[in-house]
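>>> Got a predicted model here, sequence first, then my questions.
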Amino acid sequence: MDVLVIGAGIAGIASALGLADAGLKVYLVEKEAAVGGYAASLCCKATDVCSGCSVCVVPEKIKQAVTHPQISLLTNSTVQRVGGEVGNFCVEITQKPQYIDTERCVACGLCAEVCPAEPKAVYLSSAEAIPFSYVLDERLCLRFKGESCKLCGESCSTKAIDFERKPRGQELNVGAIILATGFDIFDAREKGSLGYGRYPNVLTGLDLERMFNHEGYLKLSTNGKEPKNIAFIQCVGSRDEGHGYCSQVCCKYAMRLAHLIKYQSPDTQVTIFYIDLQTAGKGFAQFYQEYRESIRFIRGVPVEVSPASSDDLEVRFEDISQGRVCREIFDLVVLSVGISPRKDSWDLARILGINLADHGFFDTKEILNSNGTNVEGVFLAGTCQGPKDIPDSIAHGMAAASKAMQALTVRGR
């Protein structure tokens, strides 16, 4: 039987590969134009030794998935309706028009250069995008707003751009469904007192990841210089009134990034502000003990980031160990933003008939470590079920594939 995997992040890719390697036909549906999810934009944090972040395994798994003969990849696609039951689901898929042909696009960038829209309606979704192709966003394109612009099409020497493409519907019959839609990053602008979006030298952890991934080193956006005094603020969008759960990954990525910074620039001072540190995971407690030698940890919650002299930033925080409010100056502040459930989770829950848990992640049956949902034949993989790091997401995706195959085996008897 065929299996549908919804979401082509690292958990969905792990599920798809597990199923495909077992000989099943897999339809891998991705809402975005490229596959890999957030994991594809993260940086390797190895220094002279591996840090165990597992980012290095992501590109290879993506390559395996997009070239596997048993996997049909449907990007720019969403699930509209699901009917039937385990062993015989009928799924309606709609694929948005891909105005730029991924087979013809050579990613030369001429289309983006001539695009008069602001922000640009033609862009490369990411430097790590697979398929590696430019994307035309009709929400930003002047042509789709009634103007006669066709500059990008005229500039394309390979004739990859076609404005006449229409949405395409497709109906699939599958035996099981794996939901691996991933997560949203918490919008740090909601914490207005921390200055994200107002002060250029306040970044999120994801911003920092992408900077290292693209540039290979860290620099201040205001003057291009290397920062010398950096603050990491933990639990931004986690463990508060609106998000009363731990995102689990934030302490790990903050410490790994801090260690990478110290490795590249030993004289840089790095401070991590935390509520308490989540050091669970294989070898991570030892990892933390090693980092304590070079990184300053302050148990306290920063309540405000404000501009100081020049490009510097003042952080006002409660130092719990001293029992008082303190102020310190930093030239870069990094907000360790947490994992949030996707905003479209309600829509998919309604379409699939499955439940959501209290915080908005998809709910599993009341069985320890279960991948199953309240709908027989529908399984969960990765962070759509709750916060996980890359290794746990891969393991969860592989477990979901195994559960799906078990269900199909039982159904076929």
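Thanks, I have the structure now. Residues are numbered from 1 along each chain as shown.
>>> Relative to Cys50, how far out is the closest residue to Lys63 other than its chain neighbours?
Nearest residue to Lys63, sequence neighbours excluded (Cβ to Cβ, 6 or more residues apart in numbering): Ile130, at 7.5 Å. All C-beta atoms are positioned from the backbone trio N, CA, C, and that covers glycine. Between Ile130 and Cys50 the computed distance is 24 Å (Cβ to Cβ, to the nearest Å).
>>> Over to Ala160?
Using Cβ to Cβ, we find Ala160 at a distance of 39 Å from Cys50.
>>> Tell me which of these two has more neighbours.
Under the neighbour definition other Cβ atoms under 10 Å, Ala160 and Cys50 were set side by side, and Ala160 has more, 23 against 11.
>>> Identify the residue nearest the more buried one in space, chain neighbours excluded?
Using Cβ to Cβ, 6+ apart, the closest residue to Ala160 is Arg104 (3.7 Å).
>>> Report the buried residues of the helix or strand hosting Glu328.
Assessed by DSSP states H and E, Glu328 sits inside strand 324-330. Neighbour-count burial for strand 324-330 flags Glu328, Phe330 (criterion: 16 or more other Cβ atoms under 10 Å).
>>> OK, contacts around the residue nearest to Lys63?
By Cβ atoms under 8 Å, 6 or more residues apart in numbering, the residues touching Ile130 are Ala34, Val35, Gly36, Ala40, Ile62, Lys63, Val66.
>>> give me phi/psi at it?
The phi/psi pair for Ile130 (degrees, to the nearest 10) reads phi -130, psi 120.
>>> Then the one 5 residues further on?
Dihedral pair for Val135: phi -120, psi 140, per degrees, to the nearest 10.
>>> Just to check, Leu208 is in contact with Leu218?
Yes. If you go by Cβ atoms under 8 Å, Leu208 and Leu218 touch, sitting 7.2 Å apart.
>>> more neighbours, these two?
Between Leu208 and Leu218, Leu208 has the larger neighbour count (other Cβ under 10 Å), namely 24 against 20.
>>> is it fair to say Gly83 lies in a strand?
Yes. Looking at Gly83 with DSSP: H, G, I helix; E, B strand; the rest coil, it is inside a strand.
>>> Does the closest residue to it other than its chain neighbours belong to a helix, a strand or coil?
Spatial nearest neighbour of Gly83, chain neighbours left out: Cys90 (4.7 Å); criterion: Cβ to Cβ, 6+ apart. Following three-state DSSP, Cys90 is assigned to strand.
>>> So what sits opposite Cys90 in the bridge?
Beta-bridge partners of Cys90, counted by DSSP bridges, are Gly83, Asn173.
>>> ok, back up a step: got phi/psi on the residue nearest to Ala160?
According to degrees, to the nearest 10, Arg104 has phi -90, psi -30.
>>> List the contacts of it.
Shown in contact with Arg104 (Cβ under 8 Å, 6+ apart): Thr158, Lys159, Ala160.
>>> how about JSON lines for these, with pLDDT and secondary structure added?
Listed next are these as JSON lines, based on pLDDT from 0 to 100; DSSP: H, G, I helix; E, B strand; the rest coil:
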{"residue": "Thr158", "pLDDT": "96", "secondary structure": "coil"}
{"residue": "Lys159", "pLDDT": "96", "secondary structure": "coil"}
{"residue": "Ala160", "pLDDT": "96", "secondary structure": "coil"}
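>>> For Phe212, state which of those residues is nearest.
Ala160 (31.2 Å; Cβ to Cβ).
>>> From Tyr99, how far out is the closest one?
With Cβ to Cβ as the criterion, Ala160 and Tyr99 are 9 Å apart.
>>> And the residue nearest to Ala160, what's its pLDDT?
Note on Arg104: pLDDT of 95.
>>> and the gap between it and Lys25?
Distance of Arg104 to Lys25, given as Cβ to Cβ: 27 Å.
>>> how deep is Met255 tucked in, by neighbour count?
For Met255, the count of nearby residues is 28 (other Cβ under 10 Å).
>>> any idea which helix or strand carries it?
Using DSSP H and E, Met255 sits within helix 250-264.
>>> Can you find the helix or strand of this structure with the lowest average pLDDT?
helix 284-291 (a mean of 75; mean pLDDT, DSSP states H and E).
>>> Report all helices and strands that it contacts.
helix 250-264 (3 or more Cβ pairs under 8 Å, 6 or more residues apart in numbering; DSSP states H and E).
>>> My guess is Phe317 contacts Val301. True?
Yes. Phe317 lies in contact with Val301 (Cβ under 8 Å); the separation is 6.4 Å.
>>> okay, the two: which has more neighbours?
The neighbour count for Phe317 versus Val301, taken as other Cβ under 10 Å, is higher for Phe317 (20 against 16).
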